[in-house]
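J.: Quick one: sequence plus predicted model below, questions after.
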Amino acid sequence: MSFASWHDFLYMGGHYPFVWSAYAIGVLGIVVTLLRPLRARRRFFAEQGQRLRRQTSLESGNAERVDASRSS
Amino acid sequence: MGRLKTVWHRLGSPRWFFEISGPWAIGATAIGLTGIVVGLAWGLAIAPPDYLQGNSFRIMYLHVPAAILSESCYILMGLAGAVLLIWRMKLADMVVAAAAPIGAVFCVVALLTGAIWGRPTWGTWWVWDARTTSMLVLLFLYFGVMALRQAVPREETAGRAAAILAVVGMVDIPIIKYSVDWWLTLHQTSTFKLTSAPSMPAEMYLPLLVSVLGFYAFFFGVLLFGVGNEVLVRERRTQWVNDLVRSRQP
């Protein structure tokens, strides 16, 4: 351990504004890099699922109409 | 050699890539995040302070990996661009598309942490020296590749235009690499060299090594996942993607 106490660790020998702001930016960058593709994947499955459901309901709607015209 | 050729041909199949890359993406990301957490915590709390800079040097454990990765990512993107232009491999275009935003984020992190580190160390946030300027050019190259992909409406033309910029922009990489040796300005020279031992004690460079390796694994994991996304979007009309989408619906 390079620091005697939590206070010393957070204080960083007076360099705390620099060290911690740099690390905040770094962590933000990592989080953004991680979450962006995960969100894109989830959005893709949601949108494509919707498209497929629309398609099937359209197809089944057509089929019902054909059935109705047959029975009349 | 025969097997290598088979793999090369299979890379032409986006579906094969998607199926093979999934577990690798998750594994590499997990290993990478672990390495980053260990490396950064080690560097922040356990490594001894620098005799001259005190504790501000701990920014290095973030700054150096981010900078190395933004360069490595660009090299990979440039090579993928060349593969696209020479062999017209679709997967290469997807690698360019997925790599650019990741590299841009790393480049921003490297520039910002460098500025923050420069303030207590050099007495200034920014200096137009060779290393910082060539890194800024790298960021604009990333933005250029991303903008070209967005701006050109036809997907194939957009991919080729971005690939050409990615390849031409590779000129900047050796300039960044050797800028600290060619022009001896404020920025210090490399810590790790292939030809000699690191210029700092083991307690200081081991956490840096862990952090750099962690960043590499994280990058490859996230990149594979991003390329997987590109595969899905481009193959969204195919049967196998439709089946996959159906199996994922609640």
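T.: Nice, thanks for sending it over. Numbering: from 1, shown residues only, chains lettered A, B, ... in the order given.
J.: quick one: secondary structure of the closest residue to B:Pro201 other than its chain neighbours?
T.: Excluding the flanking residues, the one nearest B:Pro201 by CB to CB, 6 or more residues apart in numbering or on different chains is B:Pro48, at 7.9 Å. C-beta here means a position set from N, CA and C on the backbone, and glycine is covered the same way. When classified by DSSP: H, G, I helix; E, B strand; the rest coil, B:Pro48 comes out as coil.
J.: I figured B:Pro48 hits B:Met204, correct?
T.: Yes - using CB atoms under 8 Å, B:Pro48 makes contact with B:Met204 at a distance of 6.9 Å.
J.: tell me the contacts of the residue nearest to B:Pro201?
T.: Contacts here follow CB atoms under 8 Å, 6 or more residues apart in numbering or on different chains; on that basis B:Pro48 touches A:2, B:201, B:203-204.
J.: What separation do you get for it and B:Met200?
T.: 10 Å (CB to CB, to the nearest Å).
J.: same thing with B:Ser72?
T.: For B:Ser72, the distance to B:Met200 - CB to CB - is 21 Å.
J.: And for the residue nearest to the spatial centre of chain B, nearest residue in space, chain neighbours not counted?
T.: Residue closest to the average C-alpha location in chain B (CA atoms, centre = their mean): B:Cys73, at 3.1 Å. Excluding the flanking residues, the one nearest B:Cys73 by CB to CB, 6+ apart is B:Gly103, at 3.5 Å.
J.: element containing the residue nearest to the centre of chain B?
T.: Using DSSP states H and E, B:Cys73 falls within helix B:60-87.
J.: Which helix or which strand is home to B:Val231?
T.: Going by DSSP H and E, B:Val231 is in helix B:202-234.
J.: Contacts only, for residue 21.
T.: No chain was given, so I picked chain A. B:Ile116.
J.: my bad, chain B
T.: Residues near B:Ser21 by CB under 8 Å, 6+ apart: B:224-225, B:227-228.
J.: The same query, at a cut-off of 6 Å, please.
T.: Residues near B:Ser21 by CB atoms under 6 Å, 6 or more residues apart in numbering or on different chains: B:224, B:228.
J.: Need the pLDDT of it.
T.: B:Ser21 carries a pLDDT value of 93.
J.: same question, B:Ser190
T.: At B:Ser190, the model reports a pLDDT of 69.
J.: Grab the longest helix from chain A for me.
T.: helix A:16-71 (DSSP state H).
J.: Around chain B, which positions in chain A sit nearby?
T.: A:2, A:12-13, A:15, A:18-19, A:21-22, A:25-26, A:29, A:32-33, A:37, A:40-41, A:44-45, A:48-49, A:52 (CB under 6 Å from any CB of the partner chain).
J.: go with 8 Å
T.: Within chain A, the positions near chain B by CB under 8 Å from any CB of the partner chain are A:1-3, A:9, A:12-15, A:18-19, A:21-23, A:25-26, A:29-30, A:32-34, A:36-38, A:40-41, A:44-45, A:48-49, A:52-53.
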